[in-house]
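Undergrad: Need coordinates for the below:
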Amino acid sequence: MPHFRIKDTVKKLNKITPMEKILPIKNGRLEVKITGKDLYSEINSELPNPDIIDYLFDISTHTDILDKLTIVLDDEVDFKRAKETYITYLLVLAKKTLKELRVYTRKILGFLIFGGIVLVLSYFLEGRFQRVFYDSVNIIGGFSIWEAADLFFFARWDKRKELVSIVKLLEADWTQRDIS
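TA: Numbering: from 1, shown residues only. Purely as a prediction, here's the structure:
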């Protein structure tokens, strides 16, 4: 009997769109309002506020990939400086993420090549050395192949998801108006 209640609840959840109450839709885009006046880091005023960056990433990550964003700043802030600071920071993050993806690709290839060589070596060592040595070499080769698979299927996926969020924020429209 409880199974039916769960099914009904899931159906209801699929029909509602709570994001529209948090982020209103205007001109087909989700409006992300930044009402705070402290747009910059307390440590370095050339960097964006980390809390606002986290907020933007949270929205970008948890909205549909097809949703377009409009970032709305209050009219009391220096719009040009704020937009330039945030876009520059996002570009730095995008370059960093792309670099990390390239590093993952190199690691994957390295683990695959090393694992393949070690597994071939273990095949030829099967009858010539003690069982412990042969098994150790076999385990090292298998572990290397597993690590490559882990990086390929899990770590790269997370980095690609992060990059999609950054690109979504980079493609957002920016506007300014009284939102206080």
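Undergrad: For the rest of this, base every contact and every neighbour count on C-alpha atoms.
TA: Noted.
Undergrad: May I ask you to name the longest helix in this structure?
TA: helix 79-125 (DSSP state H).
Undergrad: Tell me the first helix or strand C-terminal of the worst-scoring helix or strand of the chain on mean pLDDT.
TA: Every helix and strand in the chain was compared by mean pLDDT, DSSP states H and E; the lowest is helix 19-22, with a mean of 70. Next helix or strand after helix 19-22 toward the C-terminus (DSSP states H and E): strand 25-26.
Undergrad: That next one packs against which elements?
TA: With contacts defined as 3 or more Cα pairs under 8 Å, 6 or more residues apart in numbering; DSSP states H and E, strand 25-26 has no helix or strand neighbours.
Undergrad: Partner strands of it, with direction?
TA: strand 29-34 (antiparallel) (DSSP bridges).
Undergrad: Report the secondary structure state of the residue sitting furthest away from the middle of the chain.
TA: Outermost residue of the chain with respect to the C-alpha centroid, by Cα atoms, centre = their mean, is Arg128; its distance is 48.1 Å. Under DSSP: H, G, I helix; E, B strand; the rest coil, Arg128 falls in the coil class.
Undergrad: do Thr175 as well
TA: Assignment for Thr175 (three-state DSSP): strand.
Undergrad: check which helix or strand covers Val132.
TA: helix 131-150.
Undergrad: elements contacting that helix?
TA: Checking 3+ Cα pairs under 8 Å, 6+ apart, helix 131-150 ends up next to helix 79-125.
Undergrad: Report the rounded mean pLDDT for the helix it packs on.
TA: Mean pLDDT, helix 79-125: 92.
Undergrad: shift numbering so it begins at 41
TA: OK, 41 is where the count begins now, so the last one is helix 119-165.
Undergrad: Give me the angle between that helix and strand 213-217.
TA: Here the directions of helix 119-165 and strand 213-217 differ by 150 degrees (axes from the mean of the first three to the mean of the last three Cα atoms, to 10 degrees).
Undergrad: That's all I had, so thanks and see you.
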